[in-house]
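J.: sequence and predicted structure below; questions after.
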Amino acid sequence: MEVDPQKQFAAQLSELRMLAGAPSLSAVAGCAPGVLSRSSLSTLLRGEFIRAPRWEVVWAFVATCCSLGADQHGNLPHTLADLTAERVWRDRHRALVQVLEMRKASADTTEADTLAESSASTAPSGQAAPAGVGVDNTVCARWAGSVVQAGTVTGGIHQHHYAAGRPVVALPYRAGTVPPRAAAFQDRDAIRRVAGIVDRGDTAVLTSDGPARISVLSGLGGVGKTQLAVDYAEHLWAIGEVALSVWITADSREAIVSGYARLAVDLTGAEDPQPEHGAQRLLAWLAAASQHWLVVLDDLQSPRDLDGLWPPTTSTGRVVVTTRRRDAALRGHRRQLVEIDVFTEPEANAYLYAVLADHPHLLAGAAELARELGLLPLVLAQAAAYIMDRGLSCADYRERWADRQRRLSSLLPDVEGLPDQHRSTAAATWSLSVERADQLRPVGVARPLLELSSVLDPNGIPAAVFGATATLEMLAQRVGHVVSGEQAWEGVACLHRLSLVTRDSSSPSQAVRVHALVQRATRDSVTGDGVPVLAQIAADALVQVWAEVKRDTQLAQVLRANADAVATAGGEHLWADGAHDVLSRVGSSLGESGLFAEAAAYFRRLQATATGCLGPDHPDTLTIRHKAARWRGEPGDAAGAVIAFE
């Protein structure tokens with residue numbers, strides 16, 4: 001009797017599980033979250049998978065059984081040790097893949113022949129049933145929206161001829177190239193948020209009831225949107241939840257249309273001379289399909305690229321879109337924008353420990369480095385590759401990173417050394433977003449605003465800074481015409497739409513946030529003495545905003561944080577013509593807020609810097625000494641103040 005390779009493979013896995021003490025599926029899945037799940041294990045062990053399971057899933061199951069078996073037996077049984085050899089399972093998995101691929105190829109040929117015969121026998125004279133949907137007349141009408149007759153499709157949208165029928169693919173079917181899973185992929189909370197929105201029945205549902213299954217993942221380049229989509233797509237395919245899985249790189253409308261048109265040929269056997277017509281044919285097919293399908297549109301560059309091309313919302317369809325854009329146009333009927341953030345600290349730490357697991361001597365200082373890198377997945381991956389290539393510890397790398405004289409490009413791998421098939425460095429990724437933001441109206445305003453933001457506090461910049469006279473004068477000089485405060489704020493909105501900053505109109509004192517690494521990459525892109533000049537402009541803008549502050553203690557605190565950031569970025573350049581007013585304004589603000597001791601201590605530190613930069617007898621140095629003495633006396637230290645004044 002012929003042995004079923006799926007059942008045999010499942011029996012071998014079940015034998016391993018029994019030797020390991022028959023752990024529950026929940027216990028096994030809990031040892032490898034994000035790779036194994038109870039449902040996927042159940043399918044695997046029953047041999048009911050449609051495609052050969054991914055090697056990562058198989059090996060995670062084997063390794064987990066090995067670990068659980070060793071815990072139960074103390075010393076690993078000889079039989080279990082033999083069954084957990086990676087070489088053995090790689091050979092078995094490779095053989096399974098080959099057998100199932102041969103079986104599918106044979107089935108495709110048989111099904112195509114059967115479908116052709118069925119279509120010829122059931123279609124009325126002169127008509128052909130649309131391939132890939134079935135021969136039911138009702139389904140045919142829904143698929144075409146009209147009658148398919150003599151090689152011509154007529155409908156309310158267009159009328160065109162298509163090429164003679166070609167063999168259609170059999171379902172289940174995967175279209176497009178799914179990017180590989182990143183090394184040390186992390187099971188993030190964001191994965192469950194995405195699944196909750198796309199799948200029915202979770203609390204994170206879409207804006208209307210029913211089988212709404214379209215989600216748009218948005219966020220800064222490098223937060224891992226594509227990897228989240230990869231994980232979701234691979235999970236659905238592995239458990240046999242979808243019969244059609246489609247991955248399209250959506251970086252232009254032409255790419256979307258051509259991807260749709262190619263898939264329409266595969267599914268319907270009809271090739272349209274015009275790709276746009278083929279794209280509409282695919283959308284009609286998806287709307288009528290009775291089998292479950294998933295479409296992933298990765299890296300959407302502009303919402304306009306999907307005008308008329310959004311996959312239909314059906315009870316059998318799921319749609320995921322990844323993009324850096326946050327435009328309102330991305331929201332719509334049964335669509336919800338999901339903001340993807342950086343790693344949490346535990347996720348970032350787990351990532352570094354996983355990717356550097358074979359180099360434990362390099363892990364010293366990993367947690368501190370993760371925080372220093374802003375928990376950004378893309379930069380963590382590229383930094384880890386740099387660390388391994390150069391044999392540095394995380395602590396050694398952190399020292400290099402702290403050197404502000406080093407450019408970001410010198411601290412990340414070159415293009416040939418990028419991990420996980422990254423196409424560009426983090427800085428290059430953001431540079432493309434800046435170019436797009438600068439092309440949005442008002443044209444030319446976004447880039448200088450991001451440059452100005454790069455010398456301010458990443459945790460929150462007051463909205464008023466972007467409308468200050470100093471800022472508007474800088475913008476007018478850069479774009480060649482007068483720029484209003486309203487246009488400046490629209491420029492901030494352009495940066496927000498490309499996820500380069502986060503704009504929060506509900507909090508005027510901390511209206512704009514920007515990731516520290518985006519700031520650093522932006523400063524690196526500024527040539528010559530541009531950064532000191534930006535620091536001077538930002539300092540002027542802060543002083544102008546401060547002049548309007550009365551008793552807003554929160555705004556005063558935010559302004560102090562921004563002034564500290566400007567002082568760090570500007571360095572000695574803020575002392576070139578004497579002490580810039582913003583430097584003393586920080587200390588005065590502390591005192592006016594009732595923080596007398598802090599104000600006195602601040603001015604003593606400022607006095608030391610003034611003495612080094614300007615000399616002890618410079619008028620600004622003497623003024624700072626006077627203020628230090630004043631705030632020393634405010635809390636009641638009259639004697640100390642007298643000595644300081646003398």
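T.: Nice, thanks for sending it over.
J.: so where's this protein shaky on pLDDT?
T.: Scanning the chain for pLDDT under 70 picks out 1-3, 71-85, 104-165, 189-215, 634-646.
J.: where along it do the strands fall?
T.: 148-149, 152-154, 159-161, 173-175, 214-218, 244-249, 293-300, 317-323, 335-339, 502-503, 512-513 (DSSP state E).
J.: just put these in TSV and tack on distance to Trp59 and mean neighbour count.
T.: (C-beta placed from N, C-alpha, C; glycine too.) TSV is the format used below for these (distance: least, CB to CB, whole Å; neighbours: other CB atoms under 10 Å):
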stretch	distance to Trp59	mean neighbour count
strand 148-149	48	17
strand 152-154	48	16
strand 159-161	50	14
strand 173-175	21	19
strand 214-218	28	25
strand 244-249	22	22
strand 293-300	25	24
strand 317-323	27	25
strand 335-339	31	18
strand 502-503	39	18
strand 512-513	41	21
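J.: need those in TSV (columns: distance to Gly587).
T.: What follows is these, written out as TSV (distance: least, CB to CB, whole Å):
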stretch	distance to Gly587
strand 148-149	80
strand 152-154	76
strand 159-161	74
strand 173-175	64
strand 214-218	41
strand 244-249	54
strand 293-300	48
strand 317-323	45
strand 335-339	38
strand 502-503	30
strand 512-513	25
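J.: out of those strands, flag the one nearest Thr469.
T.: strand 512-513 (18.2 Å; CB to CB).
J.: which other helices and strands contact that closest one?
T.: If you count contacts as 3 or more CB pairs under 8 Å, 6 or more residues apart in numbering; DSSP states H and E, strand 512-513 packs onto strand 502-503.
J.: indicate each strand paired with the strand it packs on and its parallel or antiparallel sense.
T.: strand 512-513 (antiparallel) (DSSP bridges).
J.: now the strand it pairs with: how far from the chain's centre is it?
T.: Relative to the chain's own centre, strand 512-513 is displaced by 18 Å; criterion: CA atoms, centre = their mean, to the nearest Å.
J.: ditto for stretch 313-326
T.: 15 Å.
J.: for that stretch, measure first residue to last.
T.: Stretch 313-326 has an end-to-end distance of 21 Å (criterion: CA to CA, to the nearest Å).
J.: next: stretch 540-557.
T.: 17 Å.
J.: okay, buried residues for that stretch please.
T.: Of the residues in stretch 540-557, 540-546, 549, 555-557 count as buried by neighbour count, 16 or more other CB atoms under 10 Å.
J.: next one: stretch 586-600
T.: Neighbour-count burial for stretch 586-600 flags 586-592, 595-596, 599-600 (criterion: 16+ other CB under 10 Å).
J.: same question for stretch 344-359.
T.: 347-352, 355-356.
J.: kindly report the same for stretch 465-485.
T.: 465-468, 470-472, 474-475, 479, 483, 485.
J.: which one of the residues you listed is nearest Val501?
T.: For the buried residues of stretch 465-485, the nearest to Val501 is Phe466 (10.5 Å; CB to CB).
J.: tell me the contacts of that closest one?
T.: 449, 452, 485, 488-489, 491-492, 512 (CB atoms under 8 Å, 6 or more residues apart in numbering).
J.: quick check: it vs Leu452, distance?
T.: Counting by CB to CB, to the nearest Å, the gap between Phe466 and Leu452 amounts to 8 Å.
J.: domains in this protein, by residue range?
T.: 5-101, 173-339, 358-417, 424-552, 577-646 (automatic domain parsing).
J.: can you give me the end-to-end span of the first one?
T.: Terminal residues of domain 5-101 are spaced 12 Å apart (CA to CA).
J.: ok, the shortest one next?
T.: Here the two ends of domain 358-417 are set 18 Å apart, with distance taken as CA to CA.
J.: going by distance to Glu372, which of the buried residues of stretch 465-485 wins?
T.: Nearest to Glu372, judged by CB to CB, of the buried residues of stretch 465-485 is Val465 at 26.1 Å.
J.: I figured that closest one hits Val543, correct?
T.: No. Judged on CB atoms under 8 Å, Val465 makes no contact with Val543 at a distance of 10.6 Å.
J.: could you measure from Arg551 over to Gly594?
T.: Arg551 sits 12 Å away from Gly594, going by CB to CB.
J.: and what of Leu555?
T.: 16 Å.
J.: do the same with Leu44
T.: Leu44 sits at a distance of 65 Å from Gly594 (criterion: CB to CB).
J.: please apply the same query to Ala287.
T.: Ala287 is 66 Å from Gly594, where distance means CB to CB.
J.: please apply the same query to Asp358.
T.: Per CB to CB, Asp358 is found 55 Å from Gly594.
J.: do Glu473 as well
T.: 35 Å.
J.: neighbours around Ala383, how many?
T.: 27 (other CB atoms under 10 Å).
J.: tell me the contacts of it?
T.: 369, 373, 397, 401, 411-412.
J.: residue boundaries of the helices in the stretch 501-646 of the chain?
T.: For the stretch 501-646 of the chain, applying DSSP state H, counting those that start in this stretch gives helices covering 516-525, 530-546, 553-570, 581-592, 596-614, 619-633, 638-645.
J.: okay if I get those helices as TSV plus distance to Leu244?
T.: As requested, these are exported to TSV (distance: least, CB to CB, whole Å):
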stretch	distance to Leu244
helix 516-525	38
helix 530-546	51
helix 553-570	51
helix 581-592	60
helix 596-614	64
helix 619-633	71
helix 638-645	79
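J.: so for Ala385, which of the ones you listed sits nearest?
T.: helix 516-525 (16.1 Å).
J.: hmm, back to that, any chance of the contacts of Ala383 in TSV, with distance to Asp231 and neighbour count too?
T.: Output for these, formatted as TSV (distance: CB to CB, whole Å; neighbours: other CB atoms under 10 Å):
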residue	distance to Asp231	neighbour count
Leu369	25	24
Leu373	22	27
Tyr397	28	22
Trp401	29	18
Leu411	28	18
Leu412	25	21
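J.: what about these, which are in helices?
T.: 369, 397, 401 (DSSP state H).
J.: contacts only, for the second one.
T.: Under the criterion of CB under 8 Å, 6+ apart, the contact list for Tyr397 reads 369, 383, 386-387, 411.
J.: ok, now with 10 Å
T.: Tyr397 makes contact with 362, 365-366, 369, 372-373, 383-384, 386-387, 390, 411, according to CB atoms under 10 Å, 6 or more residues apart in numbering.
J.: ok, Leu534 - how many residues close by?
T.: 24.
J.: what about it, distance to Gly571?
T.: 12 Å.
J.: check Leu300 too.
T.: Leu300 sits 41 Å away from Gly571, going by CB to CB.
J.: before we move on, what about Ile239?
T.: Taking CB to CB, one finds Ile239 at 57 Å from Gly571.
J.: show me which of those two is the more surrounded one.
T.: Ile239 (19 against 13).
J.: now do the same contact list for the closest residue in space to that one that isn't next to it in sequence.
T.: Nearest non-adjacent residue to Ile239, counting by CB to CB, 6 or more residues apart in numbering: Ser40, 5.1 Å away. By CB under 10 Å, 6+ apart, the contact set of Ser40 is 25, 29, 49, 53-54, 57, 61, 235, 238-240.
J.: let's see it at 8 Å
T.: Ser40 touches 53, 57, 235, 238-239, counting by CB under 8 Å, 6+ apart.
J.: likewise Leu337?
T.: 216, 218, 326, 330-331.
J.: one more: Leu286?
T.: By CB under 8 Å, 6+ apart, the neighbours of Leu286 are 293, 295, 311-312, 314, 317.
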